[in-house]
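> Here is my input, please return the structure:
(one chain, ligands or ions: 2)
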Amino acid sequence: MEPGVIKKLDEVVVNRIAAGEIIQKPANALKELIENSLDANATHIQVTVKSGGLKLLQIQDNGTGIRREDLAIVCERFTTSKLIKFEDLSNIGTFGFRGEALASISHVAHLNIQTKTAKESCGYKASYEDGMMKGPPKACAGNQGTIITVEDLFYNMPQRRQCLKSPTEEMQKICDVVSKYAVHNSSVAFTLKKFGEAPILRTMGRSTRECNIANIYGTQIGRALLPIELQDDVHKFKFTALVTKVDYSEKRGIMLLFINHRLVESIALKAAIDNVYSTYLPKGMHPFTYISLEITPTHLDVNVHPTKHEVHFLYEDEIIDKIKRRIELKLLGSNTSRTFYKQLRLPGVTDPDMEDSENVTILKNVDKERMDKDRVRTDSKEQKMDKFILQKPNEKESDFNTTSFDRIEDESFKVNTTRKSGVLLTSIKQMQGNVERRLNVVLRKILKDLVFVGTVDQTYALFQHETKLYLCNTSKFCEELFYQRLIFEFQNLPHIKLENPLAIKELVRIALECEEAGWSPEDGDKMELAESASKILIEKAPIMREYFSLRINEEGQLETLPAILPQHYPSSTNLPMYILRLATEVDWESEVECFESFCRETAQFYALTSALEMESLPQRHKWLVEHVLYPSFKRYLLPPNNLKQQLYELTSLSQLYKVFERC
Ligand code: ADP
Ligand code: MG
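Ligands and ions are numbered 1, 2, ... in the order given. A predicted model of the protein is given here:
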């Protein structure tokens with residue numbers, strides 16, 4: 001048999017195939033046409049459809065119109081009024097098709113354009129086939145704007161026509177596209193109707209996205225919306241969203257995603273959002289989300305094939321991560337989550353700042369970064385839920401007396417109780433009195449009977465009291481505890497001996513190198529500063545040694561630190577800064593101020609767990625929290641009113657179940 005003769009395909013056929021690839025279905029063509037109308041600054045867009053867009057797809061706008069002299073070429077491939085130089089390709093705000101939409105349509109359908117600009121006294125209409133205008137434009141009456149009429153889509157491509165779904169299904173997709181663009185462009189009035197029938201969908205111009213969502217997707221969704229915004233200068237993006245609260249969910253889940261004002265899809269972003277919601281929503285249920293993302297056009301992959309609605313952009317992971325955290329934060333702070341993130345309100349205790357403050361203020365008190373659920377939720381391996389039921393109060397208290405406090409010279413680490421005999425300084429008595437006066441009795445009762453549940457992260461832990469579960473800021477409670485121990489164990493504190501004494505001067509010098517110290521050249525030479533700080537501390541050494549077991553020898557070397565709680569050692573990473581602050585922040589002049597500021601500084605230092613140590617010894621940290629810190633809160637802490645803000649009552653059991661079921 002003779003080999004087949006290879007022929008070059010007819011150009012018309014090539015174009016047709018290419019156009020068929022691009023258009024694929026009426027909704028895709030419509031999307032392009034809507035974008036053209038928006039690009040032409042239209043404020044009214046009306047879409048008329050016959051037979052799911054297969055017979056007729058018409059879009060009428062009141063935009064700028066097309067100049068008469070351009071009508072001849074609008075349907076040639078790669079003609080566009082929007083792109084002048086190649087370099088513009090990476091700068092265009094719109095992406096996807098570039099001068100291909102009208103051309104493509106003209107290859108696979110009967111295309112008519114009727115248009116009128118403001119300058120011209122009458123309108124013009126023209127029809128197109130295979131990228132060419134058929135005859136000169138004809139003058140006609142009409143308002144400013146453009147009417148694009150697409151008839152008999154794929155009339156010349158029977159196979160492709162057969163691939164299309166039923167008119168009803170195509171209509172569904174058209175409706176979806178119009179709905180989404182109407183939400184995103186809420187200042188534009190959209191109408192969608194079947195030919196000769198009343199509108200299926202209509203939005204008012206100068207509306208809001210919220211209103212349009214309620215109008216199109218239902219008032220139930222409209223009422224559940226939370227607005228979110230995020231502007232990021234690092235990855236240069238702007239994120240605006242309206243997402244449903246966690247008390248709303250639906251089976252199919254609706255996501256409207258616009259990237260640089262173009263309707264697209266992003267599997268990665270969708271997955272990230274589903275992941276955020278999966279914690280709160282029942283299995284198989286989804287939220288409604290409208291998201292608009294604006295990215296530097298240069299960061300966007302503009303060369304994605306037009307049929308690919310899936311987009312990619314630079315720093316995708318980082319940007320998605322930031323968006324995720326933002327949504328998470330918003331969901332936690334939303335009204336709905338009030339039931340389970342209600343701030344502790346104590347019966348009978350009035351707190352003026354709390355009286356009329358809504359739940360919104362709750363989050364203000366919390367380090368926002370920490371409120372994401374990754375941190376609030378705990379690893380199942382770490383958190384022993386069985387303790388929830390099994391552990392009885394007091395069970396762990398014995399740990400205290402039996403554990404050896406190995407680094408303490410003085411073996412007789414006395415827990416509270418017997419103070420050194422002798423008269424307490426009035427200043428200290430006064431400070432102790434203040435602590436007692438500030439005591440919140442209800443909070444004390446809660447701490448006294450707390451049952452530890454588990455650590456959450458380096459800051460938070462969970463404990464139970466009666467039927468309630470609390471999320472507690474361990475660090476803040478710790479700081480107060482250390483402060484109180486310093487005051488109540490005044491003159492009576494054991495000490496931690498340093499293996500090698502450390503030169504104060506050297507420590508101060510190291511601290512001055514830290515950004516945190518805020519050293520600037522005006523402050524003077526670092527060596528000199530270190531010298532004078534060391535001098536101050538050597539001079540005040542007797543006070544620190546006598547009352548707080550902090551020993552600095554005559555050579556200016558730090559020998560011991562107070563042992564405030566058994567098994568607890570302050571972080572060495574923060575030691576230089578602590579020493580510097582002792583020299584600069586403690587008011588050495590008056591007695592009360594001196595003790596007060598010394599104790600506050602020391603408490604802060606002891607409560608800081610350096611991130612480094614947390615990383616290297618996470619197990620030890622957890623052990624400490626459970627076996628030393630919380631038992632100490634139980635035993636000693638006299639919580640002042642303001643600690644209420646560091647304790648969150650988790651009340652709604654059904655919500656709790658959702659948070660923890662995945663552990
Ligand atoms: P692109 O939108 O990428 O420029 P198109 O093929 O979609 O390519 O459109 C070609 C050109 O036709 C546009 O650049 C614009 O000048 C003009 N045009 C298309 N639709 C409209 C419209 N509705 N109103 C005004 N001008 C339009
Ligand atoms: Mg276009």
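
> Show me which residues of stretch 444-461 are buried.
Neighbour counts over stretch 444-461 (16 or more other Cβ atoms under 10 Å) mark 446-447, 450-461 as buried. For the C-beta atoms, the positions are set from N, CA and C on the backbone; glycine is no exception.

> again with stretch 37-47
37-40, 42-47.

> Just confirm yes or no for stretch 142-156 near ligand 2.
No: against ligand 2, stretch 142-156 shows no contacts by Cβ under 5 Å from the ion, the least distance being 10.6 Å.

> And ligand 1, is that stretch touching that?
Yes: judged by Cβ under 6 Å from any ligand atom, stretch 142-156 comes into contact with ligand 1 through Thr146.

> That stretch spans what distance, first to last residue?
31 Å (Cα to Cα, to the nearest Å).

> average model confidence for it?
In this model, stretch 142-156 has a mean pLDDT of 96.

> for stretch 53-60, same thing?
Stretch 53-60 comes out at a mean pLDDT of 97.

> So which of the buried residues of stretch 37-47 sit within strands?
Under the assignment DSSP state E, the buried residues of stretch 37-47 contribute 44-47 to strands.

> hmm, back to that, of the buried residues of stretch 444-461, which pair is most distant in space?
Ile446 and Gln458 (22.5 Å; Cβ to Cβ).

> what separates Lys116 from ligand 2, distance-wise?
According to Cβ to the ion, to the nearest Å, Lys116 and ligand 2 sit 19 Å apart.

> neighbours of that residue, just the number please.
Other residues near Lys116 number 25, with proximity taken as other Cβ atoms under 10 Å.

> Same question for Gly20.
20.

> and what of the one 5 residues further on?
Residue crowding around Lys25 was assessed by other Cβ under 10 Å; the count is 20.

> For it, which residues are in contact?
53, 164-165, 170, 173 (Cβ atoms under 8 Å, 6 or more residues apart in numbering).

> From Leu38, how far off is it?
20 Å (Cβ to Cβ, to the nearest Å).

> and what of Val183?
Val183 is 13 Å from Leu38, by Cβ to Cβ.

> With His261 instead?
Taking Cβ to Cβ, one finds His261 at 8 Å from Leu38.

> Break the chain down into its structural domains.
Domain assignment for the chain by automatic domain parsing gives 11-200, 218-334, 342-370, 376-408+439-489+616-663, 413-425+493-563+572-608.

> mean pLDDT for those domains: which is lowest?
domain 342-370 (a mean of 35).

> Verify the stated contact: Lys134 with Tyr128.
Yes: using Cβ atoms under 8 Å, Lys134 makes contact with Tyr128 at a distance of 6.5 Å.

> When these two are compared, which one has more neighbours?
The neighbour count for Lys134 versus Tyr128, taken as other Cβ under 10 Å, is higher for Tyr128 (23 against 13).

> doesn't that one fall inside a helix?
No: the assignment for Tyr128 by DSSP: H, G, I helix; E, B strand; the rest coil gives strand, which leaves it out of any helix.

> partner residues bridging it?
Leu111, Met133 (DSSP bridges).

> contacting residues around the longest helix seen in the chain?
Across the chain, the longest stretch assigned as helix under DSSP state H is helix 526-548. Helix 526-548 is contacted from outside by 486, 490-491, 493, 503-506, 508-509, 512-513, 519, 523, 550-554, 556, 562, 579-580, 582-584, 586, 588, 594-595, 598, 602, using Cβ under 8 Å, 6+ apart.

> List the ones among these that fall in strands.
503, 551-552, 562.

> returning to that earlier point: so among the contacts of helix 526-548, which ones count as buried?
Those of the contacts of helix 526-548 that meet the buried threshold are 486, 490, 493, 504-506, 508-509, 512, 519, 550-552, 556, 562, 579-580, 582-583, 586, 588, 594-595, 598, 602, by 16+ other Cβ under 10 Å.

> Which residue ranges of the stretch 401-550 of the chain form helices?
Using DSSP state H, counting those that start in this stretch, the helices found in the stretch 401-550 of the chain span residues 426-438, 441-448, 474-488, 504-513, 526-548.

> So which bits of this structure are right by ligand 2?
36, 101.

> in the stretch 451-600 of the chain, what residue is nearest ligand 2?
Nearest residue of the stretch 451-600 of the chain to ligand 2, counting by Cβ to the ion: Asp457, 49.7 Å away.

> Not counting its neighbours along the chain, what's nearest Glu601?
Arg581 (5.3 Å; Cβ to Cβ, 6 or more residues apart in numbering).

> how many other residues sit next to that neighbour?
22.

> How about Tyr217?
19.

> which residues sit in contact with it?
Contacts of Tyr217 (Cβ under 8 Å, 6+ apart): 179, 254, 288.

> These in helices, which ones?
Ser179.

> Name the residues of the stretch 551-663 of the chain found near ligand 1, please.
So the stretch 551-663 of the chain never meets ligand 1 (Cβ under 6 Å from any ligand atom).

> Please confirm that Phe605 is located within a helix.
Yes: looking at Phe605 with three-state DSSP, it is inside a helix.

> Quick one: residues contacting it.
570, 574-575, 577-578, 581.

> cutoff 6 Å now
Taking Cβ atoms under 6 Å, 6 or more residues apart in numbering, we find Phe605 in contact with 570, 574, 578.

> again, but for Pro26
Pro26 sits in contact with 53, 57, 153, 170, where contact means Cβ under 6 Å, 6+ apart.

> From Thr48, how far out is the third one?
So the one you mean is Leu153. With Cβ to Cβ as the criterion, Leu153 and Thr48 are 14 Å apart.

> out of these two, which sits in the more crowded spot?
A count of neighbours by other Cβ under 10 Å puts Leu153 above the other of Leu153 and Thr48, at 28 against 20.

> secondary structure class for the more buried one?
Secondary structure of Leu153, per three-state DSSP, is coil.

> Touching, it and Ala109? I think so.
Yes: the pair Leu153 / Ala109 is scored as a contact, 4.5 Å apart, by Cβ atoms under 6 Å.

> The residue nearest to Glu601 against Arg600, yeah?
No: using Cβ under 6 Å, Arg581 makes no contact with Arg600, being 9.9 Å away.

> returning to that earlier point: buried subset of the contacts of Lys25 as a ChimeraX selection?
Buried subset of the contacts of Lys25, written as a ChimeraX selection, criterion 16+ other Cβ under 10 Å:
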select :53,164,170,173
